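Enquirer: below are the sequence and a predicted model for it; my questions follow.
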Amino acid sequence: MTFGKQETQKGYFERINKVISFINLHLGDDLDMKQLAQIGNYSDFHFQRIMRAYLGEPLGAYIIRIRLESSAQLLRLTNLPVQEIAMKVGYENPTSFNKAFKKRFTISPLEFRETINISYQHIKKQEFMIISDQISLQPKIKNIDPITVIFAQAIGPYGESASKAWEMVCKFAADKKLFGFKTQFIGISHDDPTITDEAKLRYDACIAIRKTIKPEGEIGVKEIPGGKYAIFRHKGAYEKFMDSYSYIFGTWMPESGYEPDDRPGLEIYINDPEKTKPEKLQTDIYIPIK
């Protein structure tokens with residue numbers, strides 16, 4: 001894509017980031033295209049063409065997909081009534097929600113809740129000895145303060161998108177001299193790979209900051225919400241994350257008395273993957289709970 005004389009590449013990405021962030025924070029609200037165009041400071045005429053070029057799909061289709069995939073995660077991970085979930089993702093009419101959900105997943109929301117349990121399958125008691133080498137079976141429960149971060153988002157298979165996002169955000173942080181001895185590196189995997197197509201998975205690479213930084217190009221600034229989290233220590237390669245998440249949501253969560261909250265989960269990386277063997281890597285998985 002080419003950019004006009006008055007539209008720098010950095011400004012282009014800053015404006016798109018503002019629109020995407022607004023959508024993610026307001027899935028339950030009426031998202032008007034004119035309002036979104038104003039947020040991005042685009043004309044109505046060009047706005048949807050620009051967003052389609054960036055997202056790889058029409059903006060309206062993107063919003064519907066994110067709403068439905070978010071609802072699928074809520075159906076899988078919570079006991080909320082279907083109607084309440086529908087409202088959370090912007091569907092006031094349960095019939096419209098059921099119809100849209102069935103079109104996307106070929107089954108109704110209730111059938112999905114009853115039958116779909118692919119990524120978080122129950123881990124049996126005799127498997128604890130295997131999984132316990134990889135994850136702390138009992139988490140620390142902790143209230144944390146909000147964390148201000150710079151971030152870069154990349155879309156695609158998690159392995160590829162994470163590398164791309166970290167390359168972008170680390171270059172920015174190095175240029176701005178933001179690294180310190182206790183710098184926190186935080187990953188946010190927005191989508192469940194058993195629900196969302198691999199090519200559309202969203203990953204944020206985040207670095208915690210303490211001084212005021214303005215968004216610049218593909219680098220955004222946001223606040224990760226504070227609150228109560230269950231913190232699990234994952235030991236080993238990042239490729240094994242799914243096993244740990246399966247234990248957390250398939251075994252620990254149902255027996256814990258907690259429910260997952262709708263804040264994003266976090267992966268806080270303890271050591272440097274470029275200097276550490278995969279089997280020695282350590283990651284704290286923060287699961288928002290209530």
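Expert: Arrived safely, thanks for sending. Numbers count the residues shown, from 1 in each chain.

Enquirer: OK, contacts around the residue nearest to the spatial centre of the chain?
Expert: When CA atoms, centre = their mean is applied to the chain, the residue found nearest the centroid is His190 (1.7 Å). By CB atoms under 8 Å, 6 or more residues apart in numbering, the residues touching His190 are Asn24, Leu201, Arg202, Tyr203, Asp204, Pro264. C-beta coordinates here come from the backbone N, C-alpha and C atoms, glycine included.

Enquirer: what helix or strand does the nearest residue to the last one once chain neighbours are set aside sit in?
Expert: Using CB to CB, 6 or more residues apart in numbering and skipping residues adjacent in sequence, the residue nearest Pro264 is Ile188, 5.0 Å away. Assigning secondary structure by DSSP states H and E places Ile188 in strand 185-189.

Enquirer: for the very next helix or strand once past that strand, name the packing helices and strands.
Expert: On the C-terminal side of strand 185-189, the closest following helix or strand by DSSP H and E is strand 202-208. Applying 3 or more CB pairs under 8 Å, 6 or more residues apart in numbering; DSSP states H and E, we find strand 202-208 packed against strand 147-155, helix 158-175, strand 185-189.

Enquirer: and those: which comes nearest Phe112?
Expert: Phe112 lies closest to strand 185-189 among the helices and strands packed on strand 202-208, at 20.5 Å (CB to CB).

Enquirer: got the angle for that closest one vs strand 147-155?
Expert: Strand 185-189 runs at 50 degrees relative to strand 147-155, counting by axes from the mean of the first three to the mean of the last three CA atoms, to 10 degrees.

Enquirer: most neighbours, which of the contacts of His190?
Expert: Tyr203 (26 neighbours; other CB atoms under 10 Å).

Enquirer: OK, contacts around it?
Expert: Gln153, Ala154, Ile155, Tyr158, Ser161, Ala162, Ala165, Gly187, Ile188, Ser189, His190.

Enquirer: could you identify the most distant pair in those?
Expert: Ile155 and Gly187, at 14.4 Å, using CB to CB across the contacts of Tyr203.

Enquirer: which of these two has more neighbours?
Expert: The neighbour comparison of Ile155 against Gly187 (other CB under 10 Å) goes to Gly187, with 22 against 18.

Enquirer: leaving out chain neighbours, which residue sits closest to that one?
Expert: Gly187's closest residue in space is Glu267 (CB to CB, 6+ apart), at 4.0 Å.

Enquirer: try Lys140
Expert: Nearest to Lys140 is Ile231, by CB to CB, 6+ apart, at 4.6 Å.

Enquirer: helix, strand or coil for the one you found?
Expert: Secondary structure, DSSP: H, G, I helix; E, B strand; the rest coil: Ile231 is strand.
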